[in-house]
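Asker: no FASTA, just this:
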């Protein structure tokens, strides 16, 4: 008989070991899945995890790594702060879209004016858009007690429809011969978020992601506000006695994560994507949830987890090209990773005891 | 006819549009009354949609398809049950994982079924009842799943209110420690409740792909599972109110589609937002009317149960 005994304190060792264990388990389970699809499992795993970094044409793929990891890390940092406090913003995808729409709107509005101030203004507007979109669930939560989970999620679908509306309507390229989608911001110097160092994929969004990691680390681990956030999540009653104002916390956590998701969207639309189209959002807002958990809600962990998830995206493309692996297989793979992580997490908080042996 | 919209058609459409969300919501209600918050409804629904569709197409039998949909949903729910009840994982995070995984898995499984037409689900022949003017087409001209969903609501209501098993389920949801101390098997009850919830969500998903649309497309549930979750909150965890919430939502969806068809000059994408915005508004109005405390859910909702503590 196997029993679980609660640890007095979460294990430090297992807290870092479980993500690694989860990745290994996902590779095995994913291999079985790929085998069931009639693909060579070892070849598929190698295509996902090895080839993008060290295989043929790795130069191109390596630059994609930062392009994809940037938004994931940026969004996940914001989400992690909220998750630590027990505030569940799961509508980052919506905030990402709104941020992109707001920033791109400004650029398309003033086109073709050239000004060094345009790009910073777009970033500010992107952050503001994401912030305001996230404040809707925050305000409803603190004034009426409406679940932030449901409202933030519903707003994703509203944002997606709004995106389709502007792509086909107000923001459509007037010189685009009736094709849906806006002007391409990559061809508009003042608004373009360029690759900073050729061949690395490094753009301003990646820089912002690194700043966000450092900022999150200081906030969560070196500042009284971080202490309050963590207490609020782990012991809400104790937090009240420690003088934490729950309503303020909800507004700050949701607002902050919304602003970060908003700028992530702006960097994407002004850089790698270039255009407002009805499908420019690639689900980063949802994948970032996996990144946040895989990184143990810790900024350094998120940095690594973001790179790993970016790798699975690129590896998925490689596997698709080489093995005709359907793109959905990668989505499945990412979901599995989160499952294994949550399952193995029992080892962090509980000790496994075999009856008789103890 | 009002403003180019035929009210009889609208009301008949309402019943069909409401059925998937009603099924999913009544299943989730049972899970939540047992104290488990399963945010994976969307994932279970879409797997039910693809599972049901695949089996119906392969066997040619819609009935087997619906059973397959329910089994797919239940299988995903069992996965959730193992993780949250045995491995004691965080229910919110696991529910999200279930949704993300379900969306991926369904897209993978559904690859070969795009553009295929499913076998038609026959409408029940209710004889002279269907010929009653207005009421006939609105109430008595649907397929059996519509009526099954209504019967389920009544059964769940009776189960919770009048049976001993229902009382035990509620006890587990209100205080698992007390229920455990009385000798009830908390984990077993929750496994059962989750499986029922998953089967209902799967059935709702299968209804979506086999009758409502009827077709399989990737991500076709488009948030219906999340709306089901919202309806449970809106209903204050009461089955009869779930019915009201689901039909309200179905009405909005049907109206929105009819407005699109009637050719009003409102952009399609703005109309498509309506169900989601109305859901938020419904939650807001409910909270404003009831205040914070009146709408509290089961006391143990979302908490992990570990017997040794």
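Answerer: Looks like it arrived, so ask away. Quick caveat: nothing in here was measured; it's all calculated off a predicted structure.
Asker: pLDDT weak spots in the stretch 201-309 of chain B?
Answerer: Along the stretch 201-309 of chain B, the model assigns pLDDT under 70 to residues B:291-295, B:308-309.
Asker: and it, which of its residues are near chain A?
Answerer: B:218, B:222-223, B:226-227, B:229-230, B:233, B:267, B:269-270, B:272-273, B:276-277, B:279-280, B:283-284, B:287-288, B:292, B:295, B:306, B:308-309 (CB under 8 Å from any CB of the partner chain). Backbone N, C-alpha and C define where each C-beta goes, glycine included.
Asker: Narrow those to those in helices?
Answerer: Per DSSP state H, helices hold the following members of these: B:226-227, B:229-230, B:233, B:269-270, B:272-273, B:276-277, B:279-280, B:283-284, B:287-288, B:292.
Asker: Nearest the middle, which residue of chain B would you pick?
Answerer: residue B:24 (1.2 Å; CA atoms, centre = their mean).
Asker: ok so it is a helix residue?
Answerer: Yes: per DSSP: H, G, I helix; E, B strand; the rest coil, residue B:24 lies within a helix segment.
Asker: What distance do you get for it to chain A?
Answerer: To chain A, residue B:24 is 14 Å away according to CB to the nearest CB, to the nearest Å.
Asker: excluding its backbone neighbours, what's nearest that residue?
Answerer: Closest residue in space to residue B:24, ignoring its immediate chain neighbours: residue B:228 at 3.7 Å, by CB to CB, 6 or more residues apart in numbering or on different chains.
Asker: any low-confidence regions in chain A?
Answerer: A:1, A:355-358.
Asker: secondary structure class for residue B:71?
Answerer: Residue B:71 - assigned by three-state DSSP - is helix.
Asker: element containing the closest residue in space to residue B:239 that isn't next to it in sequence?
Answerer: Of all residues not flanking residue B:239 in the chain, residue B:157 sits nearest, at 4.1 Å (CB to CB, 6+ apart). In this structure, residue B:157 sits in helix B:144-162 according to DSSP states H and E.
Asker: contacts for the helix or strand following that helix?
Answerer: Later in the chain than helix B:144-162, the nearest helix or strand by DSSP H and E is helix B:164-174. The contact list for helix B:164-174 (CB atoms under 8 Å, 6 or more residues apart in numbering or on different chains) reads B:30, B:32-35, B:159-160, B:178-179, B:182, B:184, B:186, B:189-190, B:193, B:298-301.
Asker: run the last query once more with 7 Å
Answerer: B:33-35, B:159-160, B:178-179, B:184, B:186, B:189-190, B:193, B:298-301 (CB atoms under 7 Å, 6 or more residues apart in numbering or on different chains).
Asker: Tell me if the helix or strand where residue A:155 lies is near chain B.
Answerer: Assigned by DSSP H and E, residue A:155 belongs to helix A:148-168. Yes: Helix A:148-168 reaches chain B (CB under 7 Å from any CB of the partner chain) through A:150, A:151, A:153, A:154, A:157, A:158, A:161, A:164, A:165.
Asker: quick one, what contacts the nearest residue to the fourth one once chain neighbours are set aside?
Answerer: Taking CB to CB, 6+ apart, and ignoring the residues beside it in sequence, residue A:154 has residue B:276 as its nearest neighbour in space, at 4.5 Å. Contacts of residue B:276 were listed using CB under 7 Å, 6+ apart, and they are A:154, A:157, A:158, B:223.
Asker: my guess is the last one meets residue A:157, correct?
Answerer: Yes: distance between residue B:223 and residue A:157: 4.8 Å, which falls inside the contact criterion (CB atoms under 7 Å).
Asker: Which residue lies closest in space to the residue in the stretch 1-150 of chain A that chain B sits nearest to, excluding its sequence neighbours?
Answerer: Nearest to chain B in the stretch 1-150 of chain A, going by CB to the nearest CB, is residue A:144, at a distance of 3.9 Å. Sequence neighbours aside, residue B:287 is the residue nearest to residue A:144 in space, at 3.9 Å (criterion: CB to CB, 6+ apart).
Asker: burial measure for the one you found, as a count.
Answerer: Residue B:287 is flanked by 21 other residues according to other CB atoms under 10 Å in any protein chain shown.
Asker: What's the separation between it and residue B:108?
Answerer: Applying CB to CB, to the nearest Å, the value for residue B:287 to residue B:108 is 39 Å.
Asker: How about the residues of the stretch 251-358 of chain A by chain B?
Answerer: Contact residues, the stretch 251-358 of chain A versus chain B (CB under 7 Å from any CB): A:286, A:289-290, A:293, A:326, A:328-329, A:331-332, A:334-336, A:338-339, A:342-343, A:345-346, A:350.
Asker: In helices, which of those fall?
Answerer: Mapping those onto helices (DSSP H) picks out A:286, A:289-290, A:293, A:328-329, A:331-332, A:334-336, A:338-339, A:342-343, A:346.
Asker: farthest-separated two in these?
Answerer: The two members of those with the most space between them (CB to CB) are A:328 and A:346, at 28.9 Å.
Asker: quick one on the thing from earlier: would you list the buried entries among the ones in helices among the residues of the stretch 251-358 of chain A next to chain B?
Answerer: A:286, A:289-290, A:293, A:328-329, A:331-332, A:334-336, A:338-339, A:342-343, A:346 (16 or more other CB atoms under 10 Å in any protein chain shown).
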